[in-house]
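Enquirer: Give me the fold of what follows.
(one chain, ligands or ions: 1)
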Amino acid sequence: MTSPVAALLGLRPHRVDDTALRHRLAGRVVVVTGASRGVGRAVAVRCAAAGGHVVLLARGASALAEVADWIVDHGGAATSIPVDLRDLDAATAAGERVVAELGAPALVVSNAGHSIHRDLSAYVGRLHDVTRLAGVNLLGPIALALPLLGAMREARGGQLISVGSVAMSLPGPGWSVYTATKAGYDAWLRSVSPELAADRVAVTSIHLPLTRTTMSAPTYADSRIPSLSAADAASWVCRAVVTRPRVVSPWWGRVGAVLAAALPGAADRVAAATWRRSR
Ligand SMILES: NC(=O)c1ccc[n+]([C@@H]2O[C@H](COP(=O)([O-])OP(=O)(O)OC[C@H]3O[C@@H](n4cnc5c(N)ncnc54)[C@H](OP(=O)(O)O)[C@@H]3O)[C@@H](O)[C@H]2O)c1
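Expert: As a prediction, this is how the structure comes out:
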């Protein structure tokens, strides 16, 4: 049940027209990265229930096989491709394999991600973590998307949905490299979306708020901050499959982004006060 505060903040499931979702996906190929757990798993299960042939990507082969088995046991179709997106050659090969074996996808949900909550000083001597986050959140998703988007453009249709974060427009202290790498991928999408639109390939950026998953647990497990469940987040993605908006974001994310752009000094002062309080 959604609390009144969560409802006010728009943190509730989005209503999905299941008939329209089925119309978009039945018998078509749907690629979901980060499908082994959390938001990606919930999206994959829902797309498979709508009749999509779901291609599941993540590193953990056994977790992927468990999701694929669950989907098949429930009458759906799934193929798993274990891949570490930080390995750019492997990410490219995974995209090429999907196209060669299954053809152009109707939907790509670029959802895999990794976050680290850490102050600037703690990054000293840990440049490998910067590279790690850039690999999962920015470079790997581009490497995977290039062959997939090429096939979608040739087929003249499809949609790429990126699961990003409200932090992309409202960067918070402690999330520096995570935010930079997520925002980098989103900027790439904003830049290429006109080219893709010319070939009838739609792009949607989802700006997710806090969602209760393995990713958020280390920082927010005991927090009372209003949040989504993975299933709620999947409903945001599935509604976007039906309605194809350019951006899905809670209202306060959009308002905050406009205010931060108009009043950058004030936005920095609020962020600084937040950081001081967190120490
Ligand atoms: N949870 C939140 O509060 C929140 C808020 C805003 C945005 N988001 C975004 O939502 C998306 C889903 O996050 P989540 O909360 O569902 O996280 P999660 O439960 O930690 O799941 C992350 C998924 O990404 C996969 N993954 C991680 N590293 C990978 C790599 N190197 N190569 C391939 N796959 C990799 C993981 O599988 P393996 O470990 O097996 O590879 C897993 O399937 C992310 O993009 C995240 O940035 C989350």
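Enquirer: From L138, how far off is the closest residue to the ligand within the stretch 101-250 of the chain?
Expert: Taking Cβ to the nearest ligand atom as the measure, the stretch 101-250 of the chain has G113 as its residue closest to the ligand, at 2.5 Å. All C-beta atoms are positioned from the backbone trio N, CA, C, and that covers glycine. Separation of G113 from L138 (Cβ to Cβ, to the nearest Å): 10 Å.
Enquirer: Not counting its own residues, what contacts the helix or strand bottoming out on mean pLDDT in the chain?
Expert: The helix or strand of the chain with the poorest confidence is helix 217-220; it has a mean of 87 (mean pLDDT, DSSP states H and E). Under the criterion Cβ atoms under 8 Å, 6 or more residues apart in numbering, residues H117, L210, R212, S227 lie in contact with helix 217-220.
Enquirer: Could you pull out the buried residues of that helix?
Expert: Neighbour counts over helix 217-220 (16 or more other Cβ atoms under 10 Å) mark Y220 as buried.
Enquirer: quick one: that helix near the ligand?
Expert: No: on the criterion Cβ under 6 Å from any ligand atom, helix 217-220 is out of touch with the ligand, staying 7.1 Å away.
Enquirer: Which SSE is immediately downstream of that helix?
Expert: strand 228-229 (DSSP states H and E).
Enquirer: Now do stretch 105-113: distance from first to last residue.
Expert: The first and final residues of stretch 105-113 sit 21 Å from each other (Cα to Cα, to the nearest Å).
Enquirer: helix, strand or coil for the residue nearest the centre of the chain?
Expert: Among the residues of the chain, the one closest to the centroid is V163, at 1.8 Å (Cα atoms, centre = their mean). Three-state assignment for V163 (DSSP: H, G, I helix; E, B strand; the rest coil): strand.
Enquirer: Show the pLDDT at it.
Expert: For V163, the pLDDT comes out at 98.
Enquirer: That one touches V237, doesn't it?
Expert: Yes: counting by Cβ atoms under 8 Å, V163 does reach V237; the two are 6.8 Å apart.
Enquirer: what residues are shared contacts of the two?
Expert: Common neighbours of V163 and V237 (Cβ under 8 Å, 6+ apart) are V39, V109, N111, I206.
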